[in-house]
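S.K.: here is my input; please provide its structure:
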Amino acid sequence: MDRIWDLASKKAIAIFTKSSCCMCHSIKALFYELGANPSVYELDHDIYGMEMELALQILGCKPTIPTIFIGGEFIGSAKEVISLHVDGSLKQKLIHAKAIWL
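M.R.: So this is what the prediction gives:
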């Protein structure tokens, strides 16, 4: 789990994904559309991917991918990100984390 927190704390946005996940692709596209450049960690291409996926399960991520951190804060899955986007607070979180500038 230390690896998850270490990676999540180094960048304004960290997304843990798998390359074959269509929802992961959609969430990455949303961040790019908002002008952010997230750090994307594809668990199926990482030698520690299985360990990180287990750590995400322990953290309470269901499903484990995509899992999103903004400003080092655990946000959750695609459902939580979409909810934040719909209510207008996602952009504010990105500004606060210095992931985007207006």
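
S.K.: at which residues are the strands of this structure located?
M.R.: For the chain, strands defined by DSSP state E occupy the ranges 13-17, 39-42, 67-70, 73-76.

S.K.: hang on, Thr17 packs against Ala29?
M.R.: No. Counting by CB atoms under 8 Å, Thr17 does not reach Ala29; the two are 11.8 Å apart. For glycine as for every other residue, the C-beta is placed from the backbone atoms N, C-alpha and C.

S.K.: more neighbours: the two, which one.
M.R.: Between Thr17 and Ala29, counting by other CB atoms under 10 Å, Thr17 is the more crowded of the two (23 against 10).

S.K.: neighbours of the closest residue in space to the more buried one that isn't next to it in sequence, how many?
M.R.: By the measure of CB to CB, 6 or more residues apart in numbering, the closest residue to Thr17 outside its immediate chain neighbours is Cys24, 3.7 Å from it. Number of residues near Cys24 (other CB under 10 Å) recorded here: 22.

S.K.: pretty sure Cys24 is touching Pro63, no?
M.R.: No. In this structure Cys24 lies outside contact range of Pro63 using CB under 8 Å: 10.2 Å.

S.K.: can I get stretch 47-59 in CSV, CA atoms only?
M.R.: Extracted C-alpha coordinates of stretch 47-59, given in CSV (Å, rounded to 0.1, in the frame of the first residue of the first chain):
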residue,chain,number,x,y,z
ILE,A,47,5.6,-5.5,-12.3
TYR,A,48,4.0,-4.6,-9.0
GLY,A,49,0.5,-4.4,-10.6
MET,A,50,-1.0,-7.4,-8.8
GLU,A,51,0.3,-6.1,-5.5
MET,A,52,-1.0,-2.6,-6.1
GLU,A,53,-4.5,-4.0,-7.1
LEU,A,54,-4.6,-5.9,-3.9
ALA,A,55,-3.7,-2.8,-1.9
LEU,A,56,-6.5,-0.9,-3.7
GLN,A,57,-8.9,-3.6,-2.6
ILE,A,58,-7.7,-3.3,1.0
LEU,A,59,-8.2,0.5,0.7
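
S.K.: having no further points to raise, I will conclude here.
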